[in-house]
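A.B. asks: Prediction below, plus the sequence it came from.
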Amino acid sequence: MNAPLRWLHHAVAAPSAALREQARAHQAQLTKPAGALGLLEDLVIELAAMQHCLRPTLERVQISIFAADHGVAAENVSAFPQAVTAQMVDNFARGGAAISVLATELDAHFEVIDLGTMLPSAPHARVRRERIAAGTANFAQDAAMSAAQLASALGSGHAAVQRARAQQAQLFIGGEMGIANTTSASALACLLLDAEPQALVGRGTGLDDAGLAHKISVIGHALDRHRPHCGTPLEALARVGGFEIAALCGAYIAAAQAGLPVLVDGFICSAAALAACRLQPGVRDWLLFSHCGAEAGHARLLEALRARGLLDLQLRLGEGSGAALALPLLRLACRLHANMASFAQAGVSGRD
Ligand SMILES: Cc1cc2ncn([C@H]3O[C@H](COP(=O)(O)O)[C@@H](O)[C@H]3O)c2cc1C
Ligand SMILES: O=C(O)c1cccnc1
């Protein structure tokens, strides 16, 4: 392992088993039948274990959006032109994108990191420029990125988590923007799961049937080329990943190392999360999953991660939007846990 990647292997501690048990015991005393708040109970108990706090809170949240272009867009695998990536970076910064609106409503700390788009986006104070290259190489022909570029992208994720810690964030949400990145995420998922593209590839921004068949064929040919060289998750990331996908992977590992809970967004973020868990299995304990979206392979990725999404809204946007939409529910779960009366306090009879 070369020096810039050594941090990837720093230890990940487990969330506190003692706090998990205390939070579970506290939940059992609240004025409701045990388990009646379903998944929300499990989530707040896990948050208590992660935050090492009996009454966890999610007031300070960082949302980091990583944007980058993909050489594989040249294969006509998206319904939209590549220029949209840089255009959307400006839209994020100006407050017009879905995630910008959600971040404002949620009072979250919001940042956009441009890791390399084809067109330089207009300078904007809210965009951090950490340009690695003008997008990845076309992985239908070559490896998407070099080892040095991979290290830079992973490092951008690590740096975003350091900023989140400096802000004393209680939760990290990563998002992505990159035309053709469902192609990259699907190829990565196929390599990590040893699956065929038919099982995992979806319509992304809205391909029709012919477009979907073409995307599957492009990914299938690329996998034939890259599979023999993808023995490790890092090789798979370098061969078919994107800068933003690698940054998300780095951010998830760094968050777990820092004991910072993560709320994972959609299909692309879940592919990055699977890569992170393959690199460091302890990362899984620090991930919460916001939703299962409409992209074909998302359910399969969640299954591989032993995860269940909180929402099922047929979302297919990315940008961190599904995680942002789930945050109010998590915040309410925390309030319920903190503020409901116990049977004893309320004078309500318990079970016979
Ligand atoms: C206007 C617009 C805004 C978006 N915001 C997120 N995505 C999403 O769509 C892209 C992935 O789909 P595909 O692989 O089919 O290109 C990513 O940029 C993802 O974040 C968008 C896509 C578009 C067109
Ligand atoms: O779930 C996602 O992350 C997703 C799905 C379609 C398009 N962009 C992102």
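C.D. replies: Looks like it came in fine. Ligands and ions are numbered 1, 2, ... in the order given.

A.B. asks: shaky segments in the stretch 51-200 of the chain?
C.D. replies: The stretch 51-200 of the chain contains residues with pLDDT under 70 at 121-122.

A.B. asks: Now do the strands in this structure.
C.D. replies: 61-67, 109-114, 127-129, 171-177, 262-264, 287-289 (DSSP state E).

A.B. asks: which one is Glu130 nearest to, not counting chain neighbours?
C.D. replies: Ser156 (4.9 Å; CB to CB, 6 or more residues apart in numbering). (Glycine included, C-beta is placed from N, CA and C.)

A.B. asks: and the gap between the one you found and ligand 1?
C.D. replies: 17 Å (CB to the nearest ligand atom, to the nearest Å).

A.B. asks: Could you export the strands of the chain as a markdown table, including distance to Ala36 and mean neighbour count?
C.D. replies: Formatted as a markdown table, the strands of the chain follow (distance: least, CB to CB, whole Å; neighbours: other CB atoms under 10 Å):
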| stretch | distance to Ala36 | mean neighbour count |
| --- | --- | --- |
| strand 61-67 | 27 | 28 |
| strand 109-114 | 34 | 24 |
| strand 127-129 | 44 | 17 |
| strand 171-177 | 25 | 29 |
| strand 262-264 | 23 | 28 |
| strand 287-289 | 20 | 23 |
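
A.B. asks: Of all those strands, which one is nearest ligand 2?
C.D. replies: Among the strands of the chain, the nearest to ligand 2 by CB to the nearest ligand atom is strand 171-177 (7.1 Å).

A.B. asks: Packing partners of the closest one?
C.D. replies: Strand 171-177 sits against strand 61-67, helix 83-94, helix 147-166, helix 243-258, strand 262-264, helix 267-279, helix 321-339, with contacts defined as 3 or more CB pairs under 8 Å, 6 or more residues apart in numbering; DSSP states H and E.

A.B. asks: Please name the strands paired to the fifth one in the sheet, noting orientation.
C.D. replies: Strand pairing for strand 262-264, using DSSP bridges, gives strand 171-177 (parallel), strand 287-289 (parallel).

A.B. asks: May I see the ones you listed arranged in JSON lines, with distance to ligand 1 as well?
C.D. replies: Listed next are the strands paired with strand 262-264 as JSON lines, based on distance: least, CB to the nearest ligand atom, whole Å:
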{"stretch": "strand 171-177", "distance to ligand 1": "5"}
{"stretch": "strand 287-289", "distance to ligand 1": "18"}
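
A.B. asks: In TSV: those, plus distance to Phe110.
C.D. replies: Below are those laid out as TSV (distance: least, CB to CB, whole Å):
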stretch	distance to Phe110
strand 171-177	10
strand 287-289	19
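
A.B. asks: Which one, of those strands, ends up nearest to Lys32?
C.D. replies: strand 287-289 (21.7 Å; CB to CB).

A.B. asks: if you skip the residues just before and after it, what's nearest to the one residue in the chain that gets nearest to ligand 2?
C.D. replies: When scored by CB to the nearest ligand atom, the chain has Gly266 as its residue closest to ligand 2, at 2.4 Å. Residue nearest to Gly266 in three dimensions, not counting chain neighbours: Gly293, with 4.6 Å by CB to CB, 6+ apart.

A.B. asks: give the contact list for the one you found.
C.D. replies: Applying CB atoms under 8 Å, 6 or more residues apart in numbering, we find Gly293 in contact with 266-267, 309, 313-316, 322.

A.B. asks: where's it relative to Glu244, distance?
C.D. replies: Using CB to CB, to the nearest Å, Gly293 is found at 17 Å from Glu244.

A.B. asks: What score does the residue in the stretch 151-300 of the chain that ligand 1 sits nearest to have for pLDDT?
C.D. replies: The minimum distance from the stretch 151-300 of the chain to ligand 1, using CB to the nearest ligand atom, falls at Gly204 (2.3 Å). Reading off the confidence values, Gly204 has pLDDT 98.

A.B. asks: and it, what are its phi and psi?
C.D. replies: Here is the backbone geometry of Gly204 (degrees, to the nearest 10): phi 50, psi -120.

A.B. asks: Pull up the distance across stretch 303-314, start to finish.
C.D. replies: Taking CA to CA, to the nearest Å as the measure, stretch 303-314 stretches 17 Å from start to finish.

A.B. asks: got it, and stretch 107-126?
C.D. replies: By CA to CA, the extent of stretch 107-126 from end to end equals 16 Å.

A.B. asks: which residues does the residue nearest to Glu130 contact?
C.D. replies: 66, 113, 115, 130, 132, 243, 247, 250.
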